[in-house]
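Novice: Below is the sequence, then the predicted model.
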Amino acid sequence: MRASLLQIAVDEGESVDSRRRRVASLVREQAGADLVVLPELWTTGAFAYQEFAREAEPLEGPTHEAMAKAASDAGVWLHAGSIPERGESDGVPAAGEGPLYNTSLVFSPSGDLVAAYRKIHRFGFDKGEAVLMGAGDELVTVRMPGVTTLGLATCYDLRFPELFRGLVDAGAETFVIPAGWPERRRSHWTLLAQARAVENQAFVLACGTAGTHAGVPQAGHSIVVDPWGTVLAEAGRGEEVLHVELDDGKVAQTREQFPALKDRVLGLATPLHRR
Ligand SMILES: NC(=O)CCC(=O)C(=O)O
């Protein structure tokens, strides 16, 4: 599988509309790739909390329209990163009402929306995304026939290994993780991406943003790790397109030659206190 990770710069000097147009043409330039991946909340920036409500869109909003067309023009599977989604409220919503979610969109090469994943673990503890957005509650996988099965996660989700185990149990072989990870914790990003690959014997395609928004410098350093933990490609801090070729048989081969996943012990009992 040929994959392109588009590490987009998200800076305040560029309007959401012009970034959307710029990203759509970058996606079109990836014709020939099998899978193209964008970062988390690249329309607003993952830390631009005050923009979430203003720029929120329904699933089939302007980003959906632009990305569906870009995917079909390029003939690629497109993980279009995530958008601030405005979900439907119960009853009849007034304009601009309804809960917000951090929702990833995946398009087939014909431009059909084949999956939407609402981020399960929201970042911010008692502020920011954690209070402004609702949590997803569904694991999502996407089958790319004859190639691989994707398992979807978003940014802060990377810190929660049980989510990835759930995705493995659902058949995932390749984790796709859009992010807006800050420079301050870049060492965690790289370490956790490798850990998730090794412990699950899966590919990790983790695509972050470049630039600075809401005063938070972004780490960049999008990374692709193979099921043995080897880093196949890693970006720098600026805007960059990372091209990588993955060996489709590598997951099955690694799981067969070093069958650690078969040694999982499930349902461990609560520990007893022994004197
Ligand atoms: N947007 C995010 O989820 C940020 C996550 C983060 O900064 C961290 O886990 O550290």
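Specialist: Yep, it's here.
Novice: which SSE is the residue of the stretch 1-150 of the chain found nearest the ligand in?
Specialist: Taking CB to the nearest ligand atom, the ligand has its nearest neighbour within the stretch 1-150 of the chain at F123, 3.5 Å off. Yep, even glycine has a C-beta here, placed from its N, CA and C like the rest. Here F123 is covered by no helix or strand, with elements defined by DSSP states H and E.
Novice: ok, and the closest non-adjacent residue to it?
Specialist: The spatially closest residue to F123, leaving aside those adjacent along the chain, is Y156, at 4.0 Å (CB to CB, 6 or more residues apart in numbering).
Novice: E85 too?
Specialist: Per CB to CB, 6+ apart, closest to E85 is T103, 3.8 Å.
Novice: for the one you found, what are its contacts?
Specialist: By CB atoms under 8 Å, 6 or more residues apart in numbering, T103 lies in contact with 59, 82-85, 116-119, 136.
Novice: those helices in the stretch 51-200 of the chain, which residues are they?
Specialist: Taking DSSP state H, counting those that start in this stretch as the criterion, the stretch 51-200 of the chain contains helices spanning 62-74, 129-132, 161-169, 186-200.
Novice: for those helices, which one sits closest to L152?
Specialist: Nearest to L152 among the helices of the stretch 51-200 of the chain is helix 161-169 (7.6 Å), distances taken as CB to CB.
Novice: quick one: the residue nearest to A179 when sequence neighbours are not counted and T174, what's the gap?
Specialist: Once flanking residues are discounted, A179 sits nearest to C155: 3.9 Å by CB to CB, 6+ apart. Applying CB to CB, to the nearest Å, one obtains 17 Å for the distance of C155 from T174.
Novice: pLDDT score assigned to the residue nearest to F123?
Specialist: Looking at Y156, its pLDDT is 98.
Novice: Go ahead and confirm it touches K119.
Specialist: Yes: assessed by CB atoms under 8 Å, Y156 is found in contact with K119 at 7.5 Å.
Novice: Those two: which has the busier surroundings?
Specialist: Neighbour count, other CB atoms under 10 Å: between Y156 and K119, K119 has more, with 26 against 21.
Novice: and the more buried one, what does it touch?
Specialist: Residues in contact with K119 (CB under 8 Å, 6+ apart) are 82, 101-104, 133, 135-136, 154-157.
Novice: Out of those residues, which is nearest to A260?
Specialist: Among the contacts of K119, D157 lies closest to A260 (CB to CB), at 22.2 Å.
Novice: where in the stretch 1-150 of the chain is pLDDT low?
Specialist: 90-96 (pLDDT under 70).
Novice: Point out the residues in it that sit beside the ligand.
Specialist: In this structure, the stretch 1-150 of the chain approaches the ligand at residues 40, 46, 123, judged by CB under 6 Å from any ligand atom.
Novice: Noted, bye for now.
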